[in-house]
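1. My questions concern the predicted model and sequence given below.
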Amino acid sequence: MKKCCFLVPYFGKLPNYFPVFLKTCAYNKDFNWIIFTDDVREFDFPDNVERKIMSFKDLQILIRSKFVEEVSIESPYKLCDYKPAFGYIFENYITDFYFWGHCDLDVLFGNIKDFITELMFQNYDKIFCLGHLVLYKNNYSNNRRFMNPINSEFWYKEALGTKDIFVFDEPYGDERNINTIFLKEKLKVYSRDLSLNFKVNYTRFVKTTYTGNEKFVSEKKINARNRLCIWDCGKIFRLQKSKKGIIKKEYLYIHLQERHMRWNKRVLKINFFKIVPNAISPVFFKNVTKKNYNFILKRSLNLHFFRQQSKYLKWHIKNALKKYACFS
């Protein structure tokens, strides 16, 4: 059997740096992706990434056909709550795989097999906890585990029955999620966070790490200021300059959540490029040294912070108006 297939339904225009995402997938030949989308634009798909053209309406029909209960799937955004059910919904696509998974498209992969080893495949029923990348052992009972009751309560019915986001796919703010179900049933879950995951509401790349028990720890902004991310021949590194030289740490993947990244098409033809908070750009050096570090790190004006603050401001105004309407 093949190792793992990531199932990724995405509707609307694919992210602007989607070609870079595909490049990082291509370097992971032991893993496969199936992307269900209505975006028919031409892309250079590698052999291990398959596109299935599907309308959102067709997906709605498929999902509703799989459930006796009434489920809500009014918008593509609601799909995040369905992630734990992808192995059940798309089971006809994953018969040849030992594991299946889901991932977001705002990630860039490093060398997956450096982190997800054969021993992990053998020993765990679920690998990782955060919704931007999770893997599940592919079998009949595991793919339906999201339906199992906890204390006679069927959490999935509420999660999939409401139009609001329930956050059923990850342990974030509410214990009623797929991770709790696996743990309550005494199944083996690998929960260590191996991602280079950045907070949304900072201009700089401020790393946040899942530490278990629904807790996240963020690094200090001052520590993030002079760190550099590099994609080097299929590997993701974060670098920091010190008195002794360059400190280098490898990660499974980098999560660029909600950032609009400018990117240079030349990165598709080279094996060494940098990832800064607002851009993906070529690096015209063979390696990073103390001498060229500051030059490589250099970045242009980053509007991400202002976009996020504008988004949050609109959200607060909208909710304030709702509350005002209720009391008037």
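-> Right, received. Where do you want to start? Numbering: from 1, shown residues only.

2. Give the bridge partners for Lys215, please.
-> Listed beta-bridge partners, Lys215: Gly212 (assigned using DSSP bridges).

3. residues near it, how many?
-> 9 (other CB atoms under 10 Å). For glycine as for every other residue, the C-beta is placed from the backbone atoms N, C-alpha and C.

4. cool, and the one 3 residues further on?
-> Taking other CB under 10 Å as the criterion, the count of residues near Ser218 is 14.

5. Parallel or antiparallel, which strands does the helix or strand hosting Arg238 pair with?
-> According to DSSP states H and E, Arg238 maps onto strand 235-242. In the sheet containing strand 235-242, its partner strands are strand 227-232 (antiparallel), strand 245-251 (antiparallel), by DSSP bridges.

6. and among those strands, the most buried is which?
-> strand 227-232 (a mean of 21; mean count of other CB atoms under 10 Å).

7. Nearest approach to Ile89 belongs to which of the strands paired with strand 235-242?
-> strand 245-251 (29.7 Å; CB to CB).

8. and the helix or strand following the closest one, which strands flank it?
-> Later in the chain than strand 245-251, the nearest helix or strand by DSSP H and E is strand 253-255. Strand pairing for strand 253-255, using DSSP bridges, gives strand 107-109 (antiparallel), strand 196-197 (parallel).

9. Report the distance from stretch 14-28 to the chain centre.
-> 13 Å (CA atoms, centre = their mean, to the nearest Å).

10. So for that stretch, mean pLDDT?
-> For stretch 14-28, the mean pLDDT works out to 97.

11. can you check stretch 209-220 too?
-> pLDDT averaged over stretch 209-220 gives 83.

12. related to what we said a few turns ago, save the strands paired with strand 253-255 as TSV, and put in mean pLDDT too.
-> Listed next are the strands paired with strand 253-255 as TSV, based on pLDDT from 0 to 100:
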stretch	mean pLDDT
strand 107-109	98
strand 196-197	96
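
13. Helices along the stretch 201-328 of the chain, start to end?
-> 221-224, 293-297, 304-327 (DSSP state H, counting those that start in this stretch).

14. Nearest to Lys286 among the strands paired with strand 253-255 would be which one?
-> It's strand 107-109; of these, that one is closest to Lys286 (CB to CB) at 20.9 Å.

15. next one: stretch 171-180 to chain centre, how far?
-> On CA atoms, centre = their mean, the centre of stretch 171-180 falls 17 Å from that of its chain.

16. what's the neighbour count on the closest residue in space to Cys80 that isn't next to it in sequence?
-> Spatially, and ignoring its direct neighbours in sequence, Cys80 is nearest to Asp169 (5.6 Å; CB to CB, 6 or more residues apart in numbering). Counted by other CB under 10 Å, the residues lying close to Asp169 total 26.

17. ok so, going back, which stretch in the helices of the stretch 201-328 of the chain has the least confidence?
-> Across the helices of the stretch 201-328 of the chain, helix 304-327 gives the lowest mean pLDDT, at a mean of 58.

18. per-residue pLDDT, the most centrally placed residue in the chain?
-> Closest residue to the average C-alpha location of the chain: His132 at 2.4 Å, with CA atoms, centre = their mean. On pLDDT, His132 comes in at 96.
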